[in-house]
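J.: Sharing a model prediction with you, sequence too.
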Amino acid sequence: MNNFIVTTTRKPDFATENLAAELSLKFGRKFVRREDFSFDTLKKIHGAENILLVKKNSLSIVTADGELFFHPNTAHLRIKNLRGGEGDRLIDALKISAGSKVLDCTLGLGSDAIVASFIAGETGKIVALEINPLIAEIVRHGLKNFSDDSPHILQAMRRIEVINADCGEFLKNCAANSFDAVYFDPMFRRPIKKSSGLNPIRPLADNRPLTEKIIREACRVAKFRVVMKEHSGSGEFERLGFKILDGGKYSSVAFGAIELTDRNV
């Protein structure tokens, strides 16, 4: 985990400052009162690479590439489209429905997990893993506290269980067939630079490629399907044994799946 400090906005209320102090203890990092210092100045004074910023109703991480914060992002539009009868490439790839259990091994900022949670509904289960404790913290807090005018979005967010864990280690401890589908959205080997909204997450992201061992464990844990999202044309699909799915002709990303219905994996 990168070196970081914890601070607040310039004029925090009592609850905000108290939460900042609690998080500094949780992570074993220094809590610094913001006063009137800029982020760059605080970083220089305390020798920090990043800042965990506690605001009144949200958390964010200030990195060299910008400020990383939780927001449903495209999940809002995707759920609106699903409610209107349109499809969603991830849901089509996962082949899930109400009551499905999904393990999202790469939570990131949570958009895919939210859409999966909407489809799985109250009787389903979405467990989302994030290896970076800072990202896990801001997304967990966001899923619990984000305010939205759509009850469908809020209910989907509140149902997600976020776990700070390495997916390889977590999978080893899962029972066989304990999830209907297992999903991976690793950082692309070739980043899509136009996705500027993702730039702040890059210094914190786990850039290790998926291994064949991890995929074998995922196939053991999944009952029906293992799905991966990657850059269109990526050699990762072939290397790891995924069949590229149709659709997304004009998209820069593709989905691949390993079908497990015959269990011959």
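T.: Yep, it's here. Numbering: from 1, shown residues only.
J.: Ends of stretch 237-244, what's the gap?
T.: The straight-line separation of the ends of stretch 237-244 (Cα to Cα, to the nearest Å) is 7 Å.
J.: And it, how far out from the chain middle?
T.: Mean-position distance between stretch 237-244 and its chain equals 22 Å (Cα atoms, centre = their mean, to the nearest Å).
J.: repeat for stretch 116-123
T.: 17 Å.
J.: now stretch 170-182
T.: Relative to its parent chain, stretch 170-182 has a centroid offset of 18 Å by Cα atoms, centre = their mean.
J.: Can you mark which positions in that stretch are buried?
T.: Using 16 or more other Cβ atoms under 10 Å as the test for burial, stretch 170-182 gives 170-171, 174, 178-182. (Each C-beta comes from the backbone N, C-alpha and C, glycine too.)
J.: which residues of the protein fall in strands?
T.: For the chain, the strands defined by DSSP state E cover 4-8, 50-54, 59-63, 66-69, 101-104, 125-130, 161-164, 179-184, 222-231, 243-244, 253-259.
J.: ok, the lowest-mean-pLDDT helix or strand in the chain: who's next to it in the sheet?
T.: Of all helical and strand segments in the chain, the minimum by mean pLDDT, DSSP states H and E falls on strand 66-69, at a mean of 90. Partners of strand 66-69 in the sheet, by DSSP bridges, are strand 59-63 (antiparallel).
J.: contact partners of the partner strand?
T.: For strand 59-63, contacts defined as Cβ atoms under 8 Å, 6 or more residues apart in numbering pick out 4, 23, 39, 49-53, 67-70, 134-135, 137-138, 141-142, 200, 203-204.
J.: Kindly report the same for stretch 251-261.
T.: Stretch 251-261 is contacted from outside by 89-90, 93, 192, 215, 219, 222-234, 237, 240-245, 247-248, 265, using Cβ under 8 Å, 6+ apart.
J.: of the residues you listed, buried ones?
T.: Among the contacts of stretch 251-261, those classed as buried by 16+ other Cβ under 10 Å are 89-90, 93, 215, 219, 222-232, 234, 237, 240, 242, 244, 248.
J.: Low-confidence stretches in the stretch 1-150 of the chain?
T.: Along the stretch 1-150 of the chain, segments meeting pLDDT under 70 span 1-2.
J.: just the helices in it please.
T.: Assigned by DSSP state H, counting those that start in this stretch, the helices in the stretch 1-150 of the chain fall at 14-27, 39-46, 75-83, 89-94, 111-120, 133-145.
J.: ok, and which of those has the densest surroundings?
T.: helix 111-120 (a mean of 25; mean count of other Cβ atoms under 10 Å).
J.: Now the two most distant members of the buried residues of stretch 170-182.
T.: With Cβ to Cβ as the measure, no two of the buried residues of stretch 170-182 lie farther apart than F170 and D180, at 16.6 Å.
J.: Pull the number of nearby residues for K95.
T.: 14 (other Cβ atoms under 10 Å).
J.: how close does the residue nearest to it when sequence neighbours are not counted get to F27?
T.: Nearest in space to K95, with sequence neighbours left out and distances taken as Cβ to Cβ, 6 or more residues apart in numbering, is R225 at 6.1 Å. Here R225 is placed at a distance of 36 Å from F27 (Cβ to Cβ, to the nearest Å).
J.: so where's the stretch 151-265 of the chain shaky on pLDDT?
T.: For the stretch 151-265 of the chain, the stretches flagged by pLDDT under 70 are 187-203, 205, 246-250, 262-265.
J.: So which residues of it form helices?
T.: Assigned by DSSP H, counting those that start in this stretch, the stretch 151-265 of the chain shows helices spanning 151-158, 167-172, 212-221, 236-240.
J.: Export those helices as a markdown table, with columns for distance to R10.
T.: Output for the helices of the stretch 151-265 of the chain, formatted as a markdown table (distance: least, Cβ to Cβ, whole Å):
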| stretch | distance to R10 |
| --- | --- |
| helix 151-158 | 29 |
| helix 167-172 | 38 |
| helix 212-221 | 44 |
| helix 236-240 | 44 |
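J.: ok, F170 - contacts?
T.: F170 touches 105, 129, 163, counting by Cβ under 8 Å, 6+ apart.
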